[in-house]
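# sequence first, predicted model second:
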Amino acid sequence: MSTITLPAKASEHPNMRALNVLRDLSIVADLIELCFSPTMDHEGQRYLSDMRRAGRDEGFLRWANHMADTTSLPLTGYVWEENNKIVGNASLIPFRDKGKRVHLIANVAVHPDHRRRGIARLLTERVMQHAREKNTTAIWLHVRDDNPGAVKLYADLGFQEISRRTGWTAKPDSSLPQLDSDIQIVSRHPRFWNQQQDWLRRLYPDSLAWYHSWNFTALKPGFMNWLYLLLNDFNTSQWAAVRGDELLATLTWMPHGGRSASLYGAAGERSELEALALSQVEALTHLLVHARRVLSHHSTLSLDYPGGEMTDAITAAGFTPRRTLIWMKV
């Protein structure tokens, strides 16, 4: 079987070399799983499966060179090799943000037996150099907030924190009782759109849309948008929590494939007025409980929300935090 190595300048360090896609991809997947399996979710496991499948594909050779700058698979990167074994890896994944090239550093992993020797730093510096050679406009990465050593490493390399996002999960349960309150859960009315849109823009910022593909134009009311969704067989569900005529929060379900349901909550910032702040917390809790009741055909519900915001509301609805990621940029 022939092999290829995607173009990259050779590193000065004898233990570092460019990723050889066909030979290394499955081995790198094993290393990533070894390092991160305790905190890896279903999406992460699927990502590793995709890597292993690509590494076994004979036809991969015919298009790998052309896909290196366009695919979300880690086709570009560097590995650290000792005694003919890969013990370290750093991947570089290209994206487009408003037409400009950006790169995401991912899969920075070092075998537990080889840590605390500066390998992760050297690999990260090398992929940063590679991204700059590709005329990138920005280099991003994300790191768990419970990994202070990695956070410090990236800060020392010049990365600055841009955002914190917490991923929450819960199991649907159609038997959950309705909460006793004067807050009502209703279908999202068109008159709520302007307020909902303002909330969504704050909570799901454009600065991260290149990665998350947040696109809330499908939620805009109106006949033409409804017709577009109908013709494209794109179904959404939207609910609003109201007290009288006052909108307190909204919640949206949007399909993303599979049996996991992605939810997008929206509410205002915690008000200085305690009564309103408590109403917003209660409203979001009601919405999330409602979603757990009515989306029972899904295996899992997931919610992405700014880290540290509305944690009491989300926890009260029975959601569990999976991880909090710090997004950093240089």
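Structure's in. What do you need? The shown structure was predicted, so the numbers you read here are calculated from the model rather than taken from an experiment.
# which residues touch residue 82?
15, 114 (C-beta atoms under 8 Å, 6 or more residues apart in numbering). The way it works is simple: take the backbone N, C-alpha and C, and place the C-beta from them, glycine included.
# low-scoring stretches of the protein, by residue?
Applying pLDDT under 70 to the chain flags the ranges 1-12, 58-74, 226, 228-234, 256-260, 270-276.
# the residue positioned nearest the centre of it and residue 97, how far apart?
The centre of the chain sits closest to residue 212, judged by C-alpha atoms, centre = their mean, with a distance of 5.9 Å. Remark: distance between residue 212 and residue 97 (C-beta to C-beta, to the nearest Å) = 12 Å.
# any idea how far the residue nearest to the centre of the chain lies from residue 91?
For residue 212 relative to residue 91 (C-beta to C-beta), the value is 19 Å.
# distance between the longest strand along the chain and the chain's centre?
Under DSSP state E, the strand in the chain containing the largest number of residues is strand 85-97. How far strand 85-97 lies from its chain's middle: 16 Å, per C-alpha atoms, centre = their mean, to the nearest Å.
# also stretch 146-164?
That offset, for stretch 146-164, works out to 17 Å (C-alpha atoms, centre = their mean).
# what do you get for stretch 314-325?
Distance of stretch 314-325 from the chain centroid (C-alpha atoms, centre = their mean) equals 15 Å.
# check the separation of the first and last residues in it.
Taking C-alpha to C-alpha, to the nearest Å, stretch 314-325 runs 17 Å from one end to the other.
# buried ones in that stretch, by neighbour count?
314, 316-319, 323-325 (16 or more other C-beta atoms under 10 Å).
# do stretch 293-312 as well
293, 295, 298, 300-305, 307, 309-310.
# which parts of this structure belong to which domain?
According to automatic domain parsing, the chain comprises the domains 16-158, 167-325.
# one step back: just the buried residues of stretch 314-325: which are in strands?
Per DSSP E, the subset of the buried residues of stretch 314-325 in strands is 323-325.
# which parts of the stretch 201-330 of the chain are strands?
Using DSSP state E, counting those that start in this stretch, the strands of the stretch 201-330 of the chain run over 237-243, 246-254, 260-267, 300-306, 320-329.
# residue 113 is nearest to which of those?
Of all those, strand 320-329 sits nearest to residue 113, with 24.8 Å by C-beta to C-beta.
# rewinding a little: turn the ones in strands among the buried residues of stretch 314-325 into CSV, including distance to residue 263.
Putting these into CSV (distance: C-beta to C-beta, whole Å) gives the following:
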residue, distance to residue 263
323, 17
324, 17
325, 18
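# closest to residue 269 out of the residues you listed?
For these, the nearest to residue 269 is residue 324 (18.8 Å; C-beta to C-beta).
# how about residue 86, what does it touch?
Taking C-beta under 8 Å, 6+ apart, one finds 24, 27-28, 31, 79-80 in contact with residue 86.
# report the two of the buried residues of stretch 293-312 separated the most.
Among the buried residues of stretch 293-312, 293 and 307 lie farthest apart (C-beta to C-beta), at 26.6 Å.
# how about the strands of the stretch 201-330 of the chain in a markdown table, adding distance to residue 278?
What follows is the strands of the stretch 201-330 of the chain, written out as a markdown table (distance: least, C-beta to C-beta, whole Å):
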| stretch | distance to residue 278 |
| --- | --- |
| strand 237-243 | 11 |
| strand 246-254 | 10 |
| strand 260-267 | 12 |
| strand 300-306 | 18 |
| strand 320-329 | 22 |
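# can you tell me which of the contacts of residue 86 are in strands?
Using DSSP E, those in strands are 79-80.
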